[in-house]
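Chemist: what follows is a protein structure lacking sequence information:
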């Protein structure tokens, strides 16, 4: 019943958890963030240049264990991210990382105290202009000794950063470093946590100023606001938004690292912070790239617009016509079909020529209780016009795969 799957040149046994698809496997070796002149490479380099004293890591295997990805970071057992509908599994014991935080314990365990790690991450997701099952994150972490010398190091750095931001064209809407709804961890000294949280905020306000400060229209100051948040691996936790081109945009999540993570890293006497940001999300804003699929384009009309180290506005080279096609079917009584299952199937058949997928109708028969579902697939290539015959053939393959893989009855 089960066999093997080849991942980056190695065969791994499959089991009931295996759900990684050929399309996803084909992306593992690409590493857009390391390709010279690519927008994601430029963003990585800009972030790294802002933290010159940090170790810069960018070639780390995407294969991790669920223990690394979830357990070591205090994810609860029932967290939805563990589900096969949300994450890609090679088998029960091996998966594709869903975030760069999966490497925190390993990197801290090697003795690193200030580091950035940029990598591709994988999550099963819908198909539209802003979602893709592969995207890229930069993780940033800093830890210091939880004693007088470590806290003095943080105070000195805070003074330096405060002076820099005081002289900069930036307006910051802050929230308390600690609050009843965003508390200090029981194992931590609140005064130490306040210092660490302030250093986190100052460091990231400075980074955001570096990325967005020169992009404001009319000489307006950069506006940044902080919001309380909740993450399994940090407390207190925050999200950061930037007001850019007339609207607030969520940029990153961050917080003070859970003591359990540091204990798991064999650095129990340390204290520090971590942040994670999505390069595509920032890249789409700064480069005015309208569709996340474009980051994967090999079309020279896209690639030739960018140079390493420079942020330039993307100039659309064409808008090819769309072709909508619906598929409606009855589900077998004993079968469930998650939206992400359907989207993975569509990606395996049609790749990046599908612009978006939407569910347009669901119906439960009053007598048989069978469920009918209708999806609308929008076929539109970024690089060329699709013929009607081509989209008909792709759609026929989608329909055939649905019947084979899920036993549906086409309506």
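Modeler: Structure's in. What do you need? Only a predicted model underlies this, so the values are computations on that prediction, with no experimental measurement involved.
Chemist: list the buried ones in the helix or strand residue 355 falls within?
Modeler: Taking DSSP states H and E as the criterion, residue 355 maps to strand 354-364. By neighbour count on 16 or more other Cβ atoms under 10 Å, the buried set for strand 354-364 is 354, 355, 356, 357. For the C-beta atoms, the positions are set from N, CA and C on the backbone; glycine is no exception.
Chemist: can you name every helix or strand that it contacts?
Modeler: Here strand 354-364 touches helix 339-350, strand 371-379, going by 3 or more Cβ pairs under 8 Å, 6 or more residues apart in numbering; DSSP states H and E.
Chemist: list of residues touching it?
Modeler: 126-129, 291, 293, 322, 326, 328, 339, 342-343, 346-347, 370-380 (Cβ atoms under 8 Å, 6 or more residues apart in numbering).
Chemist: and the angle from it to strand 371-379?
Modeler: Relative orientation of strand 354-364 versus strand 371-379 (axes from the mean of the first three to the mean of the last three Cα atoms, to 10 degrees): 160 degrees.
Chemist: how far off centre is strand 354-364?
Modeler: On the basis of Cα atoms, centre = their mean, to the nearest Å, strand 354-364 sits 24 Å off its chain's mean C-alpha point.
Chemist: can you check which helix is longest in this protein?
Modeler: helix 190-212 (DSSP state H).
Chemist: the helix or strand following that one pairs with which strands?
Modeler: Using DSSP H and E, the helix or strand that follows helix 190-212 in sequence is strand 222-231. If you go by DSSP bridges, strand 222-231 pairs up with strand 170-173 (parallel), strand 234-244 (antiparallel).
Chemist: give me the contacts around the first one.
Modeler: With contacts defined as Cβ under 8 Å, 6+ apart, strand 170-173 is touched by 165, 205, 209, 213, 221, 222, 223, 224, 225, 226.
Chemist: repeat the analysis, applying 10 Å as the threshold.
Modeler: Under the criterion Cβ atoms under 10 Å, 6 or more residues apart in numbering, residues 164-165, 201-202, 205-206, 208-209, 212-213, 216, 220-227, 240-241, 243 lie in contact with strand 170-173.
Chemist: just the buried ones from those residues?
Modeler: 165, 201-202, 205-206, 208-209, 212, 216, 222-224, 226, 240-241, 243.
Chemist: residue 180: which of those is nearest?
Modeler: Nearest to residue 180 among the buried ones among the contacts of strand 170-173, counting by Cβ to Cβ, is residue 226 at 16.8 Å.
Chemist: if we can go back for a sec, out of the buried ones among the contacts of strand 170-173, the closest to residue 179 would be?
Modeler: Using Cβ to Cβ, the buried ones among the contacts of strand 170-173 come closest to residue 179 at residue 226, 11.7 Å.
Chemist: what's the neighbour count on residue 124?
Modeler: For residue 124, the count of nearby residues is 23 (other Cβ atoms under 10 Å).
Chemist: you'd agree it is up against residue 80?
Modeler: No - using Cβ atoms under 10 Å, residue 124 is not in contact with residue 80; the gap is 11.3 Å.
Chemist: anything in contact with each of the two?
Modeler: Counting by Cβ under 10 Å, 6+ apart, the residues touching both residue 124 and residue 80 are 86, 87.
Chemist: burial count for residue 258?
Modeler: 23.
Chemist: quick revisit: most tightly surrounded among the strands paired with strand 222-231?
Modeler: strand 234-244 (a mean of 21; mean count of other Cβ atoms under 10 Å).
Chemist: how about low-confidence regions in the stretch 251-400 of the chain?
Modeler: Across the stretch 251-400 of the chain, nothing is flagged by pLDDT under 70.
Chemist: now do 80
Modeler: Within the stretch 251-400 of the chain, the stretches with pLDDT under 80 are 318, 334-335.
Chemist: tell me which stretches of it form strands.
Modeler: Under the criterion DSSP state E, counting those that start in this stretch, the stretch 251-400 of the chain contains strands at 270-278, 323-330, 354-364, 371-379.
Chemist: mind putting those in CSV, distance to residue 159 included?
Modeler: Shown next, in CSV, are the strands of the stretch 251-400 of the chain (distance: least, Cβ to Cβ, whole Å):
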stretch, distance to residue 159
strand 270-278, 17
strand 323-330, 58
strand 354-364, 49
strand 371-379, 53
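Chemist: which one, of the ones you listed, ends up nearest to residue 2?
Modeler: Between the strands of the stretch 251-400 of the chain, strand 323-330 lies closest to residue 2; by Cβ to Cβ that is 27.2 Å.
Chemist: ok, the closest one: who's next to it in the sheet?
Modeler: strand 371-379 (antiparallel), strand 409-410 (antiparallel).
Chemist: give me whichever of those is most buried.
Modeler: Scoring these by mean count of other Cβ under 10 Å, the most buried comes out as strand 371-379, with a mean of 19.
Chemist: by how many degrees do that strand and helix 339-350 diverge?
Modeler: Going by the same axes, to 10 degrees, strand 371-379 makes 40 degrees with helix 339-350.
Chemist: next one: strand 371-379 to chain centre, how far?
Modeler: 26 Å.
Chemist: got a list of what residue 307 touches?
Modeler: Residue 307 neighbours (Cβ under 10 Å, 6+ apart): 36, 37, 42.
Chemist: so how far is residue 137 from the second one?
Modeler: Spelled out, it's residue 37. As judged by Cβ to Cβ, to the nearest Å, residue 37 and residue 137 stand 21 Å apart.
Chemist: same deal with residue 232?
Modeler: Relative to residue 137, and taking Cβ to Cβ, residue 232 is found at 16 Å.
Chemist: show me which of those two is the more surrounded one.
Modeler: residue 137 (23 against 17).
Chemist: isn't the more buried one right next to residue 62, touching?
Modeler: No - assessed by Cβ under 10 Å, residue 137 is found out of contact with residue 62, at 11.5 Å.
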